[in-house]
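Asker: After the sequence you'll find the predicted model.
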Amino acid sequence: MQHSPRNPQAFIVTKAMAQNIFTVGLAFLIFLIGFLRYIRRDGEITPYELSVFFGVFVMLQFWNLFNARCLGLKQSALKGLSKNKGFIAIAITIFIGQILIIQFGGSIFRTVPLSFVDWISVIVGTSTVLFIGELWRFIMRLKLKNHLRQSY
């Protein structure tokens with residue numbers, strides 16, 4: 001409500017959105033290339049390592065889904081989450097689907113099952129994407145609060 005409505009003729013992706021998309025995409029690309037180089041340090045990639053890589057790739061996107069939910073806003077990605085049943089259903093489907101694909105995908109997806117510890121490592125390690133987004137939005141809220149305080 002702080003901004004006027006966008007022009008219906010305007011492109012749906014704003015400059016700020018495009019910058020965010022390309023910045024996050026580039027960060028993910030750099031991280032994933034580095035991770036891939038790390039796991040193939042001996043020159044070969046095992047099905048297990050590919051399964052971990054696939055899990056990390058999808059879970060990075062999973063956590064970024066929450067950040068994208070509030071793109072351009074300064075509120076927490078978790079605010080009002082319980083009221084958004086569609087988002088919750090999609091997130092749960094992606095999360096469970098990812099586990100099922102890796103654990104039972106076998107020859108179809110060229111995956112091997114990961115241990116419980118592996119899954120915890122992948123989930124916790126990739127969740128930093130959400131925490132970084134939350135930290136960024138928190139800093140933006142503080143800046144806005146300070147700006148408004150200085151305006152009065």
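Answerer: On my side now, so go ahead. Numbering: from 1, shown residues only.

Asker: any idea how far residue 142 is from residue 99?
Answerer: To residue 142, residue 99 is 37 Å away according to Cβ to Cβ, to the nearest Å. In this view, the C-beta of every residue, glycine as well, is placed from N, C-alpha and C.

Asker: and those two? which has more neighbours close in?
Answerer: Taking other Cβ atoms under 10 Å, residue 99 and residue 142 do not tie; residue 99 has more neighbours (17 against 11).

Asker: The more buried one against residue 119, yeah?
Answerer: Yes - the pair residue 99 / residue 119 is scored as a contact, 7.1 Å apart, by Cβ atoms under 8 Å.

Asker: Mind listing what's buried along whichever helix or strand residue 143 is part of?
Answerer: Taking DSSP states H and E as the criterion, residue 143 maps to helix 128-151. Across helix 128-151, burial judged by 16 or more other Cβ atoms under 10 Å covers 129, 130, 133, 134, 137.

Asker: Let me know the distance separating the nearest residue to residue 79 once chain neighbours are set aside from residue 93.
Answerer: Distances taken as Cβ to Cβ, 6 or more residues apart in numbering put residue 70 closest to residue 79, at 7.4 Å, once the chain neighbours are dropped. Distance, residue 70 to residue 93, using Cβ to Cβ: 20 Å.

Asker: about what we covered before: tell me what the helix holding residue 143 is packed against?
Answerer: Helix 128-151 sits against helix 47-69, with contacts defined as 3 or more Cβ pairs under 8 Å, 6 or more residues apart in numbering; DSSP states H and E.

Asker: could the buried residues of helix 128-151 go into TSV alongside distance to residue 16 and pLDDT?
Answerer: As requested, those are exported to TSV (distance: Cβ to Cβ, whole Å; pLDDT from 0 to 100):
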residue	distance to residue 16	pLDDT
129	19	96
130	20	96
133	15	92
134	18	93
137	14	89
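
Asker: nearest to residue 23, of these?
Answerer: Distance to residue 23 across the buried residues of helix 128-151 (Cβ to Cβ) is lowest for residue 133, with 11.7 Å.

Asker: hang on, the earlier thing: more neighbours: residue 70 and residue 93, which one.
Answerer: The residue with more neighbours, out of residue 70 and residue 93, is residue 70; 18 against 10, by other Cβ under 10 Å.

Asker: Wait, that one touches residue 80, no?
Answerer: No - at 9.4 Å, residue 70 does not count as touching residue 80 under the criterion of Cβ under 8 Å.
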